[in-house]
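Trainee: sharing a sequence plus its predicted fold:
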Amino acid sequence: MSSSTPYSPFLSTPVPKFGGPAAAAVNPGSSLRPPSASLNDLNAPQRDAAITLDGPLLVLAGAGTGKTRVITYRMAELIRNGVEPSKILSVTFTNKAAKEMAERMSHMLGRRPNSRPMISTFHSLCVRILRDEIEALGYPPRFVIYDRGDQESAARKALRDIKVTDAALKPADLLSQISRWKMVGVLPELATEYADDDRGYLAASGYRRYQQSLRASGAVDFDDLLLLTAQLFEQFPDVLARQQARFEQVQIDEYQDTNEMQFQIVAALVKPHRNICVVGDDDQSIYGWRGAEVKHILNFQQHFPGAKIVRLQDNYRCTTEIIRLANQLVKHNHGRHDKTLVAHKDGPTPAIKPFPDEQTEAEGVVREINYLVKELNVPPQDIAILFRTNEQPRLFETELRRVRVPYVLVGGQSFFDRKEVRDIMAYLKFLSNPRDEVSLLRIINTPTRGIGDASVERLLNRAVKMGRKIWDVIPDALAGKEITQKTARSIELFREQMGEFQRRFDTPGISLSETLQKLLHDIDYEGEIQKQYNSADQQLARSGVLDECITALREYEQRSPKPDLAEFLDQTSLSGNNREFGDDDSFEQSAVKLMTLHSAKGLEFPRVYLVGLEEGLLPHKRSITDELENNPSAIEEERRLAYVGITRAKDVLTISYAQTRMKWGKRYKTKPSRFLTEMQRVVGE
DNA sequence: AAGGAGGGTTTTTTT
DNA sequence: AACCCTCCTT
């Protein structure tokens, strides 16, 4: 985050080296270097929050009021007051936020690697706990984390096994129902009780199959990480006691987006000492669809009686004009803590620009960006284009490429969605955990090695029936003439080959990346690419992906003290899509950012283009129909999303919409978003 | 078993 | 318009 805020930027003062004179003066008796941060950098309420060290604390922080800063300074205060750094846990919403906060702490603490606060996301925290303790639940200590694609395969298979057709229940629908159940702690055995119609019953039995197959594969999905941790705490007091003892102080950022399982985990962790500090803004709750519950932040005082509340309403990020729009817009929501942000700097009035169609919108926005960058020397990284859905950025990308302005598409699953990467990850997952059936099925005939779908299907049926592994039923399948000699031979070869690579990956001292390189060579993945794509540059691009994978693994090896394939896989599946791979920091730092409103949470940019403000897009069509059906607050979440978008802009905000838009190959007329009129009108007028 | 053609379907947001 | 699935030919 670039910090050119007019009020003391984060590291405005030089950081004295460890043990310097300043350190001795502030904290004479401590072996720890005190933080360089001075509380004078903070305004009164911020300071009040940062020095409240005991007992539950709720910081209601509006957008741009410096909540991350408060959390960091508070950690520094805790350490200054003698709390052992490693006994502090700070939970952030994304890995990126964790990384940034860790870097700031390193600056403040002067890099003392032996004791530092644990800063991580809920999911990473849970992985750490589960890696140590999961055997208690009957899972193997080695498990793989299934990403979205793996989950879909598992769901598809579960539905096929119970003979449910796509028409009755689609894999994606099953997954979202499973997720909703897991989010509130409903286990497969109990799901039927929560089903209220036929589809619900189908989903419940799908859920049972799905979970069975994950367990048999030694796999967990994202929700399991939370659910299993909560279960662990509930069922095993000794485990809970051990984890409780690890932390004396717990802080949680973006608390408005905690879901039920996360709340339970935290409540259990802090029970002995109640030293919990949560920071959030109910107006920025945008993950309701993922089980986030605003009620946790609204009811914090009921959960933790005696909690102190600090309100931060001074916005130091945006101009008065931007804040005026934001305030007016969000006032249309009900069920919120009424608060009004106060801005402190002036700037141009935000522009609202209509365009005839989405193509012109992209051209217009990019033309302006190009002018800013080329003629006015605005650094590209000061500019962001924010949008609601992932189909929107394409046109902007094309335009940016055309005028040669550097850009990065943040978040979009582009890298991990590529077939080649998914294949390679499946190989690695399988080799790390040979029980992983979903990955095995993906790679068993990729590249093609004469093991056809029909044979695999028959083998699988037999394997399931006999409760054995797919390899072990080959002789029986041969005898029953279910597969041919030739197929059996191919499978044998494949099995031997994989066995060899398993051993290699398992042997400490053998380079992981070199093993991967050899693997790709041995299975002739390159040849597969040559066959699949006939144009030379496509082939080149696809092979480039292979190199990127190898490079990613090599980089992991270099930065990890004790490289381990399973750890690499954990990190890549949790680090949200693009992080580990092709994460070219130096390039990213001087590029225009393109991202969804959801990914933009917690970030800020001097110039923001908020595009596609149309009915059906923002608010999204789905939320409009949801509003009519069952969820009266669906539109309110969209409104908060728009609010988040507006408040990302520090100085210049430009809002745009297209008057017509292409959909499914047809052009439709659009209506300007209701939010546009709302934000320009005071409630009640 | 593999590859290609044609037809039907699709769109929210992500750790 | 793009993607996936199914069916058909080799």
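Mentor: In hand now; what should we look at?
Trainee: phi, psi of A:Pro606?
Mentor: Per-residue torsions, A:Pro606: phi -60, psi -40 (degrees, to the nearest 10).
Trainee: the residue most distant from the middle of chain A, which is it?
Mentor: Of all residues in chain A, the one whose C-alpha sits farthest from the chain's mean C-alpha position, using CA atoms, centre = their mean, is A:Ala479 at 48.7 Å.
Trainee: can you show me the helices along the stretch 151-300 of chain A?
Mentor: Assigned helices in the stretch 151-300 of chain A, in chain order: A:171-183, A:191-194, A:198-217, A:222-235, A:237-246, A:260-270, A:295-298, A:300-303 (criterion: DSSP state H, counting those that start in this stretch).
Trainee: angles on the backbone of A:Arg559, please.
Mentor: As for A:Arg559, its main-chain torsions (degrees, to the nearest 10) stand at phi -90, psi -10.
Trainee: is DNA strand B within reach of stretch A:609-621?
Mentor: Yes: Stretch A:609-621 reaches DNA strand B (CB under 7 Å from any atom of the strand) through A:His620. Heads up, the C-betas are built off the backbone N, CA and C, glycines and all.
Trainee: would you pull up the residue in the stretch 51-200 of chain A closest to DNA strand B?
Mentor: In the stretch 51-200 of chain A, the residue that lies nearest DNA strand B is A:Thr121 (4.0 Å; CB to the nearest atom of the strand).
Trainee: tell me what that residue is bridged to.
Mentor: For A:Thr121, the beta-bridge partners under DSSP bridges are A:Thr92.
Trainee: return the residues in contact with it.
Mentor: With contacts taken as CB atoms under 8 Å, 6 or more residues apart in numbering, A:Thr121 has the following neighbours: A:Val91, A:Thr92, A:Phe93, A:Thr94, A:Asn95, A:Ala98, A:Leu574.
Trainee: same thing with A:Phe300?
Mentor: Contact partners of A:Phe300, counting by CB under 8 Å, 6+ apart, are A:Pro56, A:Leu58, A:Tyr255, A:Val278, A:Ala307, A:Ile309.
Trainee: any idea of the pLDDT on it?
Mentor: Note on A:Phe300: pLDDT of 92.
Trainee: hang on, the earlier thing: from DNA strand B, how far out is the residue farthest from the centre of chain A?
Mentor: Shown here: A:Ala479 relative to DNA strand B, a distance of 17 Å by CB to the nearest atom of the strand, to the nearest Å.
Trainee: now do A:Ile309
Mentor: With distances taken as CB to the nearest atom of the strand, A:Ile309 is found 27 Å from DNA strand B.
Trainee: now do A:Arg468
Mentor: If you measure A:Arg468 against DNA strand B using CB to the nearest atom of the strand, the figure is 20 Å.
Trainee: show me what contacts the closest residue to DNA strand B within the stretch 401-550 of chain A?
Mentor: Proximity of the stretch 401-550 of chain A to DNA strand B (CB to the nearest atom of the strand) peaks at A:Gly452, 2.3 Å away. Contact analysis of A:Gly452 by CB under 8 Å, 6+ apart lists A:Asn445, A:Thr487.
Trainee: which parts of the stretch 551-685 of chain A sit against DNA strand C?
Mentor: Taking CB under 7 Å from any atom of the strand as the test, the list of the stretch 551-685 of chain A residues beside DNA strand C reads A:Met662, A:Trp664, A:Gly665.
Trainee: can you redo those as JSON lines with distance to A:Ser115, secondary structure and pLDDT?
Mentor: Supplementary listing: these in JSON lines, determined by distance: CB to CB, whole Å; DSSP: H, G, I helix; E, B strand; the rest coil; pLDDT from 0 to 100:
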{"residue": "A:Met662", "distance to A:Ser115": "56", "secondary structure": "strand", "pLDDT": "86"}
{"residue": "A:Trp664", "distance to A:Ser115": "57", "secondary structure": "coil", "pLDDT": "78"}
{"residue": "A:Gly665", "distance to A:Ser115": "60", "secondary structure": "coil", "pLDDT": "74"}
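Trainee: circling back: pLDDT and neighbour count added to the contacts of A:Thr121, as JSON lines?
Mentor: Rendered in JSON lines, the data for these read as follows (pLDDT from 0 to 100; neighbours: other CB atoms under 10 Å):
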{"residue": "A:Val91", "pLDDT": "96", "neighbour count": "27"}
{"residue": "A:Thr92", "pLDDT": "94", "neighbour count": "24"}
{"residue": "A:Phe93", "pLDDT": "91", "neighbour count": "20"}
{"residue": "A:Thr94", "pLDDT": "88", "neighbour count": "20"}
{"residue": "A:Asn95", "pLDDT": "86", "neighbour count": "18"}
{"residue": "A:Ala98", "pLDDT": "90", "neighbour count": "21"}
{"residue": "A:Leu574", "pLDDT": "82", "neighbour count": "20"}
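Trainee: where does the stretch 351-500 of chain A have low pLDDT?
Mentor: Within the stretch 351-500 of chain A, the stretches falling below the threshold (pLDDT under 70) are A:412-417.
Trainee: what segments of it are strands?
Mentor: Taking DSSP state E, counting those that start in this stretch to define them, one finds strands in the stretch 351-500 of chain A at A:351-357, A:383-387, A:407-409.
Trainee: and chain A, which residues reach DNA strand C?
Mentor: For chain A, the residues found near DNA strand C under the criterion CB under 7 Å from any atom of the strand are A:Met662, A:Trp664, A:Gly665.
Trainee: and the first one, how many residues sit next to it?
Mentor: Spelled out, it's A:Met662. The burial count assigned to A:Met662 is 13, neighbours taken as other CB atoms under 10 Å.
Trainee: look up the closest residue to it, ignoring the ones flanking it.
Mentor: Of all residues not flanking A:Met662 in the chain, A:Glu358 sits nearest, at 6.6 Å (CB to CB, 6 or more residues apart in numbering).
Trainee: doesn't A:Arg661 make contact with the one you found?
Mentor: Yes: using CB atoms under 8 Å, A:Glu358 is in contact with A:Arg661, at 5.2 Å.
Trainee: look at the two and report which has more neighbours.
Mentor: More crowded of A:Glu358 and A:Arg661, by other CB under 10 Å: A:Glu358, with 27 against 20.
Trainee: residues touching the more buried one, list them.
Mentor: Contact partners of A:Glu358, counting by CB under 8 Å, 6+ apart, are A:Gln392, A:Leu395, A:Gly612, A:Ala658, A:Thr660, A:Arg661, A:Met662.
Trainee: count of neighbours near the third one?
Mentor: The burial count assigned to A:Gly612 is 23, neighbours taken as other CB under 10 Å.
Trainee: number of nearby residues for the residue nearest to A:Thr165 when sequence neighbours are not counted?
Mentor: Using CB to CB, 6+ apart and skipping the chain neighbours, the partner closest in space to A:Thr165 is A:Leu159 (8.0 Å). Neighbour count of A:Leu159, defined by other CB under 10 Å: 24.
Trainee: what does A:Pro475 give?
Mentor: As a burial measure, A:Pro475 scores 10 neighbours (other CB under 10 Å).
Trainee: same check, this time on A:Lys295
Mentor: Using other CB under 10 Å, A:Lys295 has 17 other residues around it.
Trainee: with A:Ala245 instead?
Mentor: By other CB under 10 Å, 10 other residues sit near A:Ala245.
Trainee: sweet, I'm off.
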